[in-house]
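below: sequence and its predicted model.
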Amino acid sequence: SAHMEHLLAWCKENEDTHIKLFSDSTKDAKEQGWKKKQSGTLRDTFYLQVAQAIFSNNENMEVQQLFKEEPKAFIKPV
């Protein structure tokens with residue numbers, strides 16, 4: 001789907017951030033040969049970035065407008 005494509009593109013462009021969001025296992029990090037990424041930034045800030053990548057490019061103009069008006073409402077669906 002288009003949403004998944006936008007999410008994957010965002011993850012590729014923001015590798016450190018996507019690791020911080022989607023991986024919290026020190027064990028997994030060691031096994032895969034990379035350091036665990038920890039963030040001082042609230043996860044909601046990162047989720048808002050993900051939501052922007054997905055919903056600001058939505059084909060449905062109403063969704064784009066809703067995201068523009070209430071972006072934080074889109075954090076939970078991410």
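Sure thing, it's come through.

by mean pLDDT, flag the weakest helix or strand of the chain.
The weakest-scoring helix or strand in the chain, judged by mean pLDDT, DSSP states H and E, is helix 26-32 (a mean of 68).

give the next helix or strand downstream of it.
Helices and strands here follow DSSP states H and E; after helix 26-32, the next one along the chain is helix 43-55.

check contacts around residue 21.
Applying Cβ atoms under 8 Å, 6 or more residues apart in numbering to residue 21 gives the contacts 43, 46-47, 50. For the C-beta atoms, the positions are set from N, CA and C on the backbone; glycine is no exception.

show me the shaky parts of this structure.
23-29, 32-41, 77-78 (pLDDT under 70).

farthest residue from the center of it?
Most distant from the centre of the chain: residue 31, at 23.7 Å, with distances by Cα atoms, centre = their mean.

so how far is residue 7 from that residue?
24 Å (Cβ to Cβ, to the nearest Å).

state the number of residues packed around residue 72.
Residues contacting residue 72 under the criterion other Cβ atoms under 10 Å number 11.

what about it, which SS state?
helix (DSSP: H, G, I helix; E, B strand; the rest coil).
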